[in-house]
Structures are given as C-alpha cells and as structure tokens.
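Visitor: coords please:
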Amino acid sequence: MVIYFSESRHLTDFQDQLGRLMAHGGVASVMVFAADGNAWEVESVTMGLRKSAKPVFGGLFPRILHGGASFESGFVLVGLPLSVQIEVLEGLSEADSDFEGKVLPIAERWSEPEGAKTLLVIADALSTRIAALVNALFYGFGLEANFIGGGAGSLSFEQKPCLICGQGLIADAALLVRLPLQSGVGVAHGWEPISDVMKVTESEGPRIHTLDWEPAFERYRQIVEPHAGRAFSEGAFFDLAKEYPFGMSKLGAELVVRDPLMATESQDLICVGEVPRGSFVRLLNGTPESLIAAAGRSLNEARLAYPEDAPPPAMALFIDCISRALFLGDRLGEELREANREALPLVGAMTLGEIANSGRDYLEFYNKTAVMCLLGPGHEQGG
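Guide: Model prediction:
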C-alpha cells in the first residue's frame, strides 16, 4: 500500500498527487479521505475524478486522520495494490427507494470472487434513510463480511456533495466498496446510561416527535439539565447535547448511540440516523477517560477479530465520530494515541455517524462511536 498525506487545502495539490498514484505501477485503486474544510469547488473536483484512470473512492469529512493526529484540512490518499468493486447507491433520502432490491443483486454478484470480503460503506450523513440502507446490507450480506465506514459531510449540517467516486463529487448517496482484504473490526463507545428507559412514541426517520408521549425536547431537557447543572438556554443546543446522546436498546448487544443534533420550534429532536417509533432509549453520558478507554477497546477487539491464519495487518483504518472530538477537546490526542498503539500506518476520518459490524454481530449505523479496522496486505499488481 502507498499512503500519501498532505495538510494542503489546494485542489491542484490533491489532483497532482492523485495523478501520481494513478500512474504508479503498484497501485490498482485509490481510497480518499479529504477534509470538508478544504472548500473544494464541486465542478472542478468532478471533472478531475471523471478522468481517473483507475477506481477512486472516498469522501469529504469534518476531519481526517493520519498517524496519531486529526486535521481540519488536507487529504489522505491510500493507493491499494488490488482491484476493488464499487457500487453507487443513489436516492438515499427517497422514501420509495427499494434498498433491498438494489443490494441483493450486488450481494449475489460479489459472493463468488476469491479472497476475503471487507465492505467499506461511505454514506452522505445528512441523507434520511441510512439505517434503512444498513438494514438492507445486513439482509443481503448477513454475517459473511466485515463492514466498516461512516457518514461523510460537513459540521455545518448543510447537505452538499461529499462522496468521491468515478462519477465525481456527489450527494444523497452511499458508496459500497468491496475490498478483497482480510480484516478484523472492533466497535466501542464508552457512554453509560443515566436515565430510565423511555419509549419513542412518535418519530419519523431521524426526527423524534415524542418520548413517553411528551414532546421530545421537553422530556430530554427534564433529564439533561438537572444532571448537567446548566440549561440549554445558556448556549447553543449542541454545546450541551453533545454530552448526552441517546442509547437504543438492542438484544444481546451494546447500546447503539444516537446523537441529537438540534431541537425544533415544535419541540422535536433531530438526530443523526433514524430512531424508529416503538424503540426504547436511555440517555447516556460519559467522561473523557471512558471515551479514551473505549478507543483502546476498539483496537483490542479488532486485534482479536483479525484472522489468526492471515498475514499480519498492514494498515489500521480508524473511523471515529466527530462529536467525540468535540466532547474530548484538547484530550482528543490521547484517544488517537490509544487507538494507534499497534504502530501500524493509521488513516481514517472523523465522521457523522459510523457503520460497522465484526462479521459476527448485527450491522449497525452508530453515533459517537469508535470503530477500528485492521486491514491485511494485498497482493501487488504488475505494471
């Protein structure tokens, strides 16, 4: 694998380095993690990507990861020595999109190729039916593959083109990429319940209308403010809400975290990802220490899940939630160092929601969660 990192915001620097990787004889495809803060012009990026001689895939994220640090500008390019298969699943907010109908034929086509299956999923984080897509992926692929990925986009919460593929820079879609690599995946979050169970009595997609038949924000506020010792009226909603996510109960699994992004004038709460009507939730809280320790657990779990008979991992792919960075502040570096204890080349992104399973657990769309994937080496291509 050939890894290139730059803090440069300039599109010409990105295009120049991408061109070099495209001309590299040992590179068959290129994975891209780029920062939304680069403020690249969509048409210019699209024109360049459509001229790419080899498959290219990735996204724009609030921050990118390289080594033991995060960056609000720049890009990471990973030249892979193997061919990948890429599918673009469009219409990720359309109510009538039949994701099972789209995914099942892909799963059938991808069931035969030799080699391990690790599936990378990068979705437009502000699309409204990500969880429906994730359910369709689990139905189509089951436990046969490891999944790793997350939501691309901007902390402005304005939906705009953020997915990188051969079509260019696109929005309201998801990329599904088959990496024929061995892998081990670990998932942990470090948040603990602080409330009794509440029922989501009315919701629509990522919007919660009522909890236990009370307006969602009012019910949320009644629990959060006494625990925090401060009021939502003292600052922006997310300044306080980032410390108090929801945890959705799942049978036999760790709570799935949902991040409340904003409260509406009608007392609704809008989250990152769907919160189904009838689901049961609790409010969560954590400490910097618990989140840092969780990053270490994600690495430990990935190491345990990595196949014993496979060659040693060649790279660590770390997907970490941007709201964890906002919560940890100056202590984010401690979390990244904990995740980087393997001393492998580490790349990744700080995302708006995380997608993962371990090849043995139910596939989920998470929030505020650390996901580690140890990737095995590929086989060099001739050229």
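Visitor: Name the residues linked to residue 89 by a beta bridge.
Guide: Note on residue 89: beta-bridge partners residue 174, judged by DSSP bridges.
Visitor: Residue 3 too?
Guide: Residues in a beta bridge with residue 3, per DSSP bridges, are residue 78.
Visitor: Confirm for me that it is in contact with residue 81.
Guide: No. In this structure, residue 3 is not within contact of residue 81 by C-beta atoms under 8 Å, at 11.9 Å. C-beta: built from backbone N, CA, C; applies to glycine.
Visitor: Please say which of those two ends up with more neighbours.
Guide: residue 81 (19 against 16; other C-beta atoms under 10 Å).
Visitor: all strands for the stretch 51-200 of the chain, in order.
Guide: 56-61, 63-66, 69-71, 75-80, 85-90, 118-124, 146-152, 163-165, 168-170, 173-179, 183-188, 192-193, 198-204 (DSSP state E, counting those that start in this stretch).
Visitor: remind me which residues of the stretch 101-250 of the chain are low pLDDT?
Guide: Scanning the stretch 101-250 of the chain with the threshold set as pLDDT under 70 gives 112-116.
Visitor: Could I get the full set of helices for it?
Guide: Using DSSP state H, counting those that start in this stretch, the helices of the stretch 101-250 of the chain run over residues 130-141, 216-228, 237-241.
Visitor: Identify whichever of the strands of the stretch 51-200 of the chain lies nearest to residue 25.
Guide: strand 75-80 (10.5 Å; C-beta to C-beta).
Visitor: Run through who's touching the closest one.
Guide: Strand 75-80 is touched from outside by 1-6, 8, 14, 17-18, 21, 24, 26-35, 38, 64-66, 179, 315, 347, 378, with contacts defined as C-beta atoms under 8 Å, 6 or more residues apart in numbering.
Visitor: swap in stretch 130-137?
Guide: Stretch 130-137 is contacted by residues 89, 92, 97, 99-100, 102-103, 119, 121, 123, 147, 151, 174, 176, 273-274, 276, 353, 355, 363-365 when judged by C-beta under 8 Å, 6+ apart.
Visitor: Of those residues, keep whichever come out buried.
Guide: Among the contacts of stretch 130-137, the ones that count as buried by 16 or more other C-beta atoms under 10 Å are 89, 92, 97, 99, 102-103, 119, 121, 123, 147, 151, 174, 176, 273-274, 353, 355, 363-365.
Visitor: Please convert the strands of the stretch 51-200 of the chain to CSV, extending it with distance to residue 281.
Guide: Listed next are the strands of the stretch 51-200 of the chain as CSV, based on distance: least, C-beta to C-beta, whole Å:
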stretch, distance to residue 281
strand 56-61, 27
strand 63-66, 28
strand 69-71, 29
strand 75-80, 35
strand 85-90, 28
strand 118-124, 22
strand 146-152, 20
strand 163-165, 29
strand 168-170, 32
strand 173-179, 25
strand 183-188, 19
strand 192-193, 10
strand 198-204, 6
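Visitor: Let me know which of the ones you listed is tucked in deepest.
Guide: strand 146-152 (a mean of 29; mean count of other C-beta atoms under 10 Å).
Visitor: If I take it and strand 183-188, what angle do their directions form?
Guide: 60 degrees (axes from the mean of the first three to the mean of the last three C-alpha atoms, to 10 degrees).
Visitor: Would you give the sheet partners of strand 146-152, along with the direction of each?
Guide: According to DSSP bridges, strand 146-152 forms sheet pairs with strand 118-124 (parallel), strand 354-356 (antiparallel).
Visitor: Would you reformat these as TSV and include distance to residue 142?
Guide: Listed next are the strands paired with strand 146-152 as TSV, based on distance: least, C-beta to C-beta, whole Å:
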stretch	distance to residue 142
strand 118-124	12
strand 354-356	15
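Visitor: Relative to residue 188, which of those strands is closest?
Guide: Using C-beta to C-beta, the strands paired with strand 146-152 put strand 354-356 closest to residue 188, at 10.4 Å.
Visitor: Show me what secondary structure element comes after the closest one.
Guide: Remark: after strand 354-356, the chain's next helix or strand is strand 364-366, criterion DSSP states H and E.
Visitor: And that following strand, what does it pack against?
Guide: Other elements packing on strand 364-366 under the criterion 3 or more C-beta pairs under 8 Å, 6 or more residues apart in numbering; DSSP states H and E are helix 130-141, strand 256-258, strand 354-356.
Visitor: and residue 204, which of those is closest to it?
Guide: Closest approach to residue 204 among the helices and strands packed on strand 364-366 (C-beta to C-beta): helix 130-141, 12.6 Å.
Visitor: Quick test: name the residue nearest the centre of the chain.
Guide: The centre of the chain sits closest to residue 150, judged by C-alpha atoms, centre = their mean, with a distance of 1.6 Å.
Visitor: Can you name the residues that contact it?
Guide: Taking C-beta under 8 Å, 6+ apart, we find residue 150 in contact with 61, 121-123, 125, 319, 321, 349, 351-355, 371.
Visitor: please redo it, this time with the cut-off set to 6 Å
Guide: By C-beta atoms under 6 Å, 6 or more residues apart in numbering, residue 150 lies in contact with 319, 351, 353, 354, 355.
Visitor: Please name the nearest non-neighbouring residue to it.
Guide: Among residues not flanking residue 150 along the chain, residue 351 sits closest, at 3.2 Å (C-beta to C-beta, 6 or more residues apart in numbering).
Visitor: any idea how far residue 157 is from the closest residue to residue 62 other than its chain neighbours?
Guide: With C-beta to C-beta, 6+ apart as the criterion, residue 62 has its nearest non-adjacent residue at 4.3 Å, and that residue is residue 322. Using C-beta to C-beta, to the nearest Å, we find residue 322 at a distance of 11 Å from residue 157.
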